[in-house]
Structure formats: structure tokens, C-alpha cells
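Colleague: Sequence first, predicted model second:
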Amino acid sequence: MDNLSKPASLLNAIAAEETTRRFTERTFRIFGDADHLSQLANKWRNVSADISQGHMFEQLEAIKFNMDALRKDSDLFAKTTASMGLATDPVDIIITDGKKTLREVQAKSCNKASSSTFLLSDKKYGEMMRLSPADQHAEIEKLLKKRIAAGTLKAEDYEQTLRNLKKSLQHDDVASAGTTYQEATDATRQEVADRLADEFKLKSALTDMHESGKRAGKAGAAVAGGISALAEGYAFYQGEKALGEVTLNIALASAKGYATGYAVTALSKGITHSASYLMGSGIAGTLSRSNAPVAIASGVVNASKSMIAFMQGDIDAEQLADEISHTAITSTASFYYGALGQAAIPIPVVGALIGAGVGYFIGNMLHQSGLIALGDSAVVKAAKANRKQVEAMCLAAIPQIQRHRQEMETMLATHFAERSAIFISALNTMDCALGDWDPDSYVKGLAEINQQFGGVLPFKNFSEFDNFMKSDEAFEF
């Protein structure tokens, strides 16, 4: 199961990254709206705050609405017409589902509730939503009812305003928290606008990390629990484990899968949004589509697990280095092959998953073979240890072999020197015997040579040889 947990968590993180991409894209749009808030403060810096706060009011409401939509995973999105380059449009804010405009909004923020009431009640706004400062809403509502009851000439317009009056931007179950006149006025100051922009970016990024992490965690729990159930179920079937132990192990595996899925996805989103904050949404968007943040986050989480295991004493320093090396190589390979797979198979999620899976196992083989490693892998270390052991044995054997060889050469030299003298003496005896016609001496010399080869002549002198040759007995040479 341990051999499957790492690739399973990585593939789950890639799938989660793809399926929660909508969160990231919405967060990027909130980043853009937050930047527009700062730009508005700079654009209207020389205009009276009582006037410029109206622009800030619209932008703050749109951002807050989009923040709530992000939290609720809604397709709804609010956009000010001013940010779209339509400064003179009678509509101040539109609410869309990405395909069509669902609601048009007219927003008015004045320093008095009566002024806001009057401006909101223009007949040309028809059935648009009428948005007022949250702190003036109750008083505006009271004024509208009073003027309607009084039967004024604008009673019909006031009725129309009352029907559509809201104290916060809302549609269906998504709503902003509302914005007060004072909040909008404070936002006209550049330092306040910049601070609010950073806060919105941080909150939206954290929301994306949390919501995406939860979805990845649930998928991770299902995958890890499923793998564990197969392994533990087989152990239970074989009678190796009790039912209680099996149930506990499956629950623990599911919990670990949730934690890993949440951590990897949340961290990958954090990397993406950090890149957006530092380098811009364009580069961050390209980075997120490459699955690089997932590979980095997966490597960080798995390396952290190894570090924790080391600090707890579950593994030694050598195994720690090996695991970190393995994590780095497999994560990198998964990233490159995931991008290649997505390019080769242009089906969302599928191509990246196939490529990343192939990359993981290729990286694993490269690490195990030692062809690529941050330090030596376990297999390579074992091979080096065996080589050193064999080398030590050889180094110890070499002087012994040399000594034995020297002894053998000395013994052979002595042996052959002694036999050489015997051969020469015997041959001289035989040579002299031929010259002196002394058969007995010749036989003696021949017997000495024969003796050196472990043989014995069947006769000792010429008379025995002569009798041997004259006999009728069969013989063999």
C-alpha cells in the first residue's frame, strides 16, 4: 500500500487541480477587481471624497459579492460597468452567470439618506436593483414608505425603488455583506484602498485554498480508503487481521488521504496565488495550467512527511535522503510528462493524469536505477556496499595468492632442479654404457629415469633382460 500511496496522492492532486480550476479563475478575477479598487483611488485622488466615494462604493460591493460567490462555489459574478469602460452607462453593476446578464443594478451612495433616496428613485432605472449604503437602508426604506403614503407626484417612482431596494448586492443565495457610506469614503484614501485590496486578495486566495483543499481531501480519503480496504480486506480474508484492526486501519488511511489531499492542493493553490501576487495573473495562469504548482506542492508535502518521520526516529538520515531524492525526481518527472500528456491528449484532466502517472513511474525507475538521483538510491548504495566488500576480500587475498605462488615456484624450481640432476646423471650413465658396451650400466641408468616417472623396469640387469626376451611368456611394452 505504501508503494501506491505517493503516486495515488499525486494523481489525486492533479485531478483536484483540474476540477477546482474554476475556484482559481474566480480568485484571479477578484485579484483584478482588487487592483481596480486601488486604481480608482489613484484616479480620483484629486476629487472630493464625497463624490469619489460613489465609485469606491460600487467596486467594494462587487468585490464582496464575488467573495461570497467564491465561498459558495457559485457561477455568479458581479462587475461594475465603470471597470468595463462604460462610465456613462445607466447601469452601475451587472450580475452574470458567465453566459448572460441576470441582474442590472443601480447603486447610489450619498452623505445623507434623503439624497440617496432621491437619486435612486429616478424613473429611468426601471426595475433595476437599487443598492444603497448599508447604514442608510433602514432610513431610506422609511422615507420611501412615508413619501408613498403621502401621495407625492413621484409616488410611483418611490414604489418602484422600494420594490427593488437592497442594502447589499445580492442574487439568489449570494450576497455581499453591504458597504457603509463611511467605508466607501475611507476607501478613497490610497493607503486604505491598497490595504483593502491586499485583504481581498488574501481572503480570496485563502478561500480558494480551503475550498479546493476540502474537495481534494474528500477525493484523497476515498482513494486512500479504497486502496486500504482492498489490502486490509485481503488480510482479513486470510485470517491475518481481526475485523477491528482492519476497520481502524482503513479509517486511518482515509484520514491520512484527506490530510494529504487537502495539504497538497491547498499548497499548490497558495503557490499559484503567490505567483499571481508577485508576477501577475498572466504568468500565474500559465503556471497553474502546467501543473507545476501541484508537482511542487506534492514534493513539499511528501518531503515534510519524511522529515517528520526522521524527527520521530522512524527512519534514519540515510533513508531520509533517499526518500527526499525519490520525491524530487518523481515529482519533476510527473510535472514534465503531465504537460506532455495534456498536449498529446487534449482532454481535460485525462491527458494530465495519464502523463503524470507515466512520469511518476519513469522517475521511480530512474531513481531506483541510480541514473538520476540526489545522492545514491538504496539499490545503488547496496551495490556499492557489496562492491566494497568484494574489493576488501580481494585486497586481502592478493598478498596471500602472491605468497603461495612464490612458494609454489620455489618448490617447482627445487623439484625440477633435483630431477634435472638425476636425469643428467642417468643419461650420462647410459651414454658411457654404450661406449663401454656395459649393458648392466645401461639398464641401471634406464631404471633411474623410469623411477622418476613412478615406474619400475621388469628386469634389473642384462641377463634378466636376455632371459626375458628368450622366454615364451607373452609381454607388453
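Modeller: That came through, no problem.
Colleague: State whether Leu144 and Tyr158 are indeed in contact, as I suppose.
Modeller: Yes: at 4.9 Å, Leu144 counts as touching Tyr158 under the criterion of C-beta atoms under 8 Å. Glycine gets a C-beta too; all of them are placed from N, C-alpha and C.
Colleague: Are there residues contacting both of the two? Which ones?
Modeller: Residues touching both Leu144 and Tyr158 by C-beta atoms under 8 Å, 6 or more residues apart in numbering: Ser121.
Colleague: Domain map for the chain?
Modeller: Domains of the chain are assigned by automatic domain parsing as 2-14+202-375, 46-187, 389-470.
Colleague: now do the same end-to-end measure for the second one.
Modeller: Taking C-alpha to C-alpha, to the nearest Å, the span from the opening residue of domain 46-187 to its closing residue is 14 Å.
Colleague: how many neighbours does Thr180 have?
Modeller: 17 (other C-beta atoms under 10 Å).
Colleague: That one contacts His137, doesn't it?
Modeller: No: if you go by C-beta under 8 Å, Thr180 and His137 don't touch, sitting 9.9 Å apart.
Colleague: that older thread, out of the domains of the chain, flag the one nearest Glu25.
Modeller: Glu25 lies closest, by C-beta to C-beta, to one member of these: domain 2-14+202-375, at 8.0 Å.
Colleague: Show me what the mean pLDDT comes to for that closest one.
Modeller: In this model, domain 2-14+202-375 carries a mean pLDDT of 66.
Colleague: How about stretch 435-451?
Modeller: 79.
Colleague: Kindly report the same for stretch 73-88.
Modeller: 89.
Colleague: Quick one: residues contacting Arg22.
Modeller: By C-beta under 8 Å, 6+ apart, the residues touching Arg22 are Asp73.
Colleague: mind checking which helix or strand it is in?
Modeller: With secondary structure defined by DSSP states H and E, Arg22 is part of helix 21-43.
Colleague: Check which residues of that helix are buried.
Modeller: By neighbour count on 16 or more other C-beta atoms under 10 Å, the buried set for helix 21-43 is 21, 23-24, 26-31, 33-38, 40-41.
Colleague: relative orientation of the next helix or strand after that helix and helix 21-43 in degrees?
Modeller: Going down the chain from helix 21-43, the next helix or strand is helix 49-71, by DSSP H and E. Orientation check (axes from the mean of the first three to the mean of the last three C-alpha atoms, to 10 degrees): helix 49-71 against helix 21-43 gives 170 degrees.
Colleague: right, and the helix or strand after helix 49-71?
Modeller: Counting by DSSP H and E, what follows helix 49-71 is strand 77-80.
Colleague: what's the longest helix in this protein?
Modeller: Scanning the chain for the longest helix, with DSSP state H as the assignment, gives helix 378-436.
Colleague: now for that helix, which elements pack on it?
Modeller: Under the contact criterion of 3 or more C-beta pairs under 8 Å, 6 or more residues apart in numbering; DSSP states H and E, helix 378-436 touches helix 317-344, helix 350-369, helix 439-452.
Colleague: how far does that helix sit from the chain's center?
Modeller: Counting by C-alpha atoms, centre = their mean, to the nearest Å, helix 378-436 is centred 63 Å from the centre of its parent chain.
Colleague: what's the angle between that helix and helix 439-452?
Modeller: 170 degrees.
Colleague: any idea of the pLDDT on His171?
Modeller: 93.
Colleague: Tell me who's in contact with it.
Modeller: Counting by C-beta under 8 Å, 6+ apart, His171 makes contact with 76, 95, 102-103.
Colleague: And it, how close does it get to Leu131?
Modeller: For His171, the distance to Leu131 equals 12 Å [C-beta to C-beta, to the nearest Å].
Colleague: would you list every one of the strands in the stretch 101-250 of the chain?
Modeller: 101-107, 129-131, 165-166, 170-171, 174-175 (DSSP state E, counting those that start in this stretch).
Colleague: So which of those is the most surrounded?
Modeller: strand 129-131 (a mean of 25; mean count of other C-beta atoms under 10 Å).
Colleague: Run through the stretch 1-150 of the chain and note the low-pLDDT ranges.
Modeller: 1-19 (pLDDT under 70).
Colleague: Hmm, Ile63 is touching Leu37, no?
Modeller: Yes: counting by C-beta under 8 Å, Ile63 does reach Leu37; the two are 6.8 Å apart.
Colleague: shared neighbours, these two?
Modeller: Common neighbours of Ile63 and Leu37 (C-beta under 8 Å, 6+ apart) are Phe200.
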